[in-house]
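**Q** Pasting the sequence and the predicted model now:
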2 protein chains.
Amino acid sequence: MTKLQLLSSLGLGRNCFIRISWGGFRTISSSTAALTAKMSTECYTFGPYKIDPKEVFYSSPLSYAMVNLRPVVPGNVLVCPRREVKRFVDLTVDETSDLWQTAQRVGGGLECHHKASSLTFTIQDGPQSGQTVPHVHIHILPRREGDFERNDEIYDAIDVKEKEMQETLDLDKERKDRSPEEMSREADEYRSLFL
Amino acid sequence: MTKLQLLSSLGLGRNCFIRISWGGFRTISSSTAALTAKMSTECYTFGPYKIDPKEVFYSSPLSYAMVNLRPVVPGNVLVCPRREVKRFVDLTVDETSDLWQTAQRVGGGLECHHKASSLTFTIQDGPQSGQTVPHVHIHILPRREGDFERNDEIYDAIDVKEKEMQETLDLDKERKDRSPEEMSREADEYRSLFL
């Protein structure tokens, strides 16, 4: 029996295997605290906006992943290049590779964590495709049977949230969304998945 | 004045610059014929289905791009890993990098060719996200102002086409879509963009 078969027999799917292969069975809390402290000193921008590092739960040399102001489904997050790049075609080879390896890892971890069974990955690349913040970002959405009556309704929801996100990131407007504390707690939870 | 500024002053955008940097100003027809002949000897599968190499217009060591049976918008194509892989998380690091570098190049070329101004990139990763053919594939759609009344309607169209594609690829069903000749002509046209 392979390690994967063993995990499957324990009721753990393919994506859960990935998490275990990264994190093992060690105690996570102290590591998470250390990582949170380290990441809190980093600077993350999202187009013209500065992102609170407490809302970032994963980072790689060229990319980072953050929780969402108004998630469409549980685990709906964004993965972005660290460098401010408006269009996908403008990413370097290394940035493209790093961005999608990050998305692959983050998607796999969150699908498992939220007990979902599929994922939607979307880039709205340019204003005519629905992009509102001019900084490349991948929407990742864990999916499960019947989460939307019609599958494509999720994209309508993404479009609405994309516009709301831009408005809310505008510092001139009052923030009426999830509190920074709530988002920070979610980021802490996700951060521990990728140790 | 930089080369890009010069091209911009001639009315050629960023993506067009990419094409020129690949293809230069040489005569394309003989090169296209040679490439078409070379690619026609290759084998491409899409899940359980065999793809006619005449419908493939770009290939890299680990990925390929093909025209669509029923494109949602002009230039709507699919980019797939050569290896049959059901879920995105199952791609190797090299496959992930190659797939998205292919998508970046193909998207940039087709956006320019179709005089579009944005792109939609989507992976429906798993059946609960709308995937019908169990082989990772990126939908690429060149976008322009007002192509859909509401931006997210394009995803509804993708979902419809995805189901139709599965049905049509089923060899037990009669093909009532675009003819192989029509698709082959489109692939020839696109092939010349990436020489």
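**A** Noted; the coordinates are in hand.

**Q** So for stretch A:133-146, what gets flagged as buried?
**A** Across stretch A:133-146, burial judged by 16 or more other C-beta atoms under 10 Å in any protein chain shown covers A:V133, A:P134, A:H135, A:V136, A:H137, A:I138, A:H139, A:I140, A:L141, A:P142, A:R143, A:R144. Backbone N, C-alpha and C define where each C-beta goes, glycine included.

**Q** biggest separation within these, which pair?
**A** Maximum pairwise distance among those (C-beta to C-beta): 31.9 Å, between A:P134 and A:R144.

**Q** Just the C-alpha atoms of the strand ranked longest in chain A, please, in PDB.
**A** If each strand of chain A is counted by residues according to DSSP state E, the longest one is strand A:118-125. Coordinates of the C-alpha atoms in strand A:118-125 are reproduced here as PDB (Å, rounded to 0.1, in the frame of the first residue of the first chain):
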ATOM      1  CA  SER A 118     -13.300  21.100  -7.000                       C
ATOM      2  CA  LEU A 119     -11.700  24.500  -7.600                       C
ATOM      3  CA  THR A 120     -12.300  27.500  -9.800                       C
ATOM      4  CA  PHE A 121      -9.200  29.500 -10.900                       C
ATOM      5  CA  THR A 122      -9.800  32.700 -12.800                       C
ATOM      6  CA  ILE A 123      -7.800  35.700 -13.900                       C
ATOM      7  CA  GLN A 124      -9.800  38.700 -15.100                       C
ATOM      8  CA  ASP A 125      -6.900  40.100 -17.100                       C
END
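
**Q** what about the strands in chain A?
**A** In order along the chain, chain A carries the following strands (DSSP E): A:44-46, A:49-51, A:56-59, A:63-67, A:77-81, A:118-125, A:138-143.

**Q** Could you list the paired strands of the fourth one along with their orientation?
**A** Next to strand A:63-67 in the sheet, as set by DSSP bridges, lie strand A:56-59 (antiparallel), strand A:77-81 (antiparallel).

**Q** Reformat the ones you listed into a markdown table and put distance to B:S129, mean pLDDT and mean neighbour count next to each item.
**A** Conversion of these to a markdown table gives the following (distance: least, C-beta to C-beta, whole Å; pLDDT from 0 to 100; neighbours: other C-beta atoms under 10 Å in any protein chain shown):
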| stretch | distance to B:S129 | mean pLDDT | mean neighbour count |
| --- | --- | --- | --- |
| strand A:56-59 | 21 | 96 | 24 |
| strand A:77-81 | 15 | 98 | 24 |
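
**Q** between these, which gets nearest to A:T92?
**A** Set against A:T92 and scored by C-beta to C-beta, the strands paired with strand A:63-67 come closest in strand A:77-81, at 9.1 Å.

**Q** relative orientation of that closest one and strand A:118-125 in degrees?
**A** Relative orientation of strand A:77-81 and strand A:118-125, computed by axes from the mean of the first three to the mean of the last three C-alpha atoms, to 10 degrees: 50 degrees.

**Q** Could you check the angle strand A:77-81 makes with strand A:138-143?
**A** Here strand A:77-81 runs at 150 degrees with respect to strand A:138-143, directions being taken by the same axes, to 10 degrees.

**Q** Where does the prediction get shaky in chain A?
**A** Within chain A, the segments meeting pLDDT under 70 span A:1-29, A:152, A:164-177.

**Q** in the longest helix along it, what's buried?
**A** Across chain A, the longest stretch assigned as helix under DSSP state H is helix A:93-113. Within helix A:93-113, the residues scored as buried using 16+ other C-beta under 10 Å are A:95-113.

**Q** Could you pull up the contacting residues of the residue most central in space within chain A?
**A** Nearest to the geometric centre of chain A sits A:V77, at 3.2 Å (C-alpha atoms, centre = their mean). Counting by C-beta atoms under 8 Å, 6 or more residues apart in numbering or on different chains, A:V77 makes contact with A:F57, A:A65, A:M66, A:V67, A:N68, A:P71, A:V106, A:L110, A:I140, A:Y190.

**Q** 6 Å instead, please
**A** A:A65, A:V67, A:N68, A:I140 (C-beta atoms under 6 Å, 6 or more residues apart in numbering or on different chains).

**Q** Tell me how far it lies from B:T120.
**A** Plainly put, A:V77 is 19 Å away from B:T120 if you go by C-beta to C-beta, to the nearest Å.

**Q** How many neighbouring residues does the nearest residue to A:Y58 once chain neighbours are set aside have?
**A** When the adjacent residues along the chain are set aside, A:Y58 lies closest to A:A65, with 4.1 Å between them (C-beta to C-beta, 6 or more residues apart in numbering or on different chains). If you count neighbours by other C-beta atoms under 10 Å in any protein chain shown, A:A65 ends up with 28.

**Q** Wait, A:A65 touches A:S59, no?
**A** No. Counting by C-beta atoms under 6 Å, A:A65 sits too far from A:S59 to count as a contact (7.4 Å).

**Q** is stretch A:142-154 anywhere near chain B?
**A** Yes. Applying C-beta under 6 Å from any C-beta of the partner chain, one finds stretch A:142-154 in contact with chain B at A:R143, A:R144, A:E145, A:N151, A:D152.

**Q** Could you tell me which of the residues you listed belong to helices?
**A** Nothing among those maps onto helices, per DSSP H.
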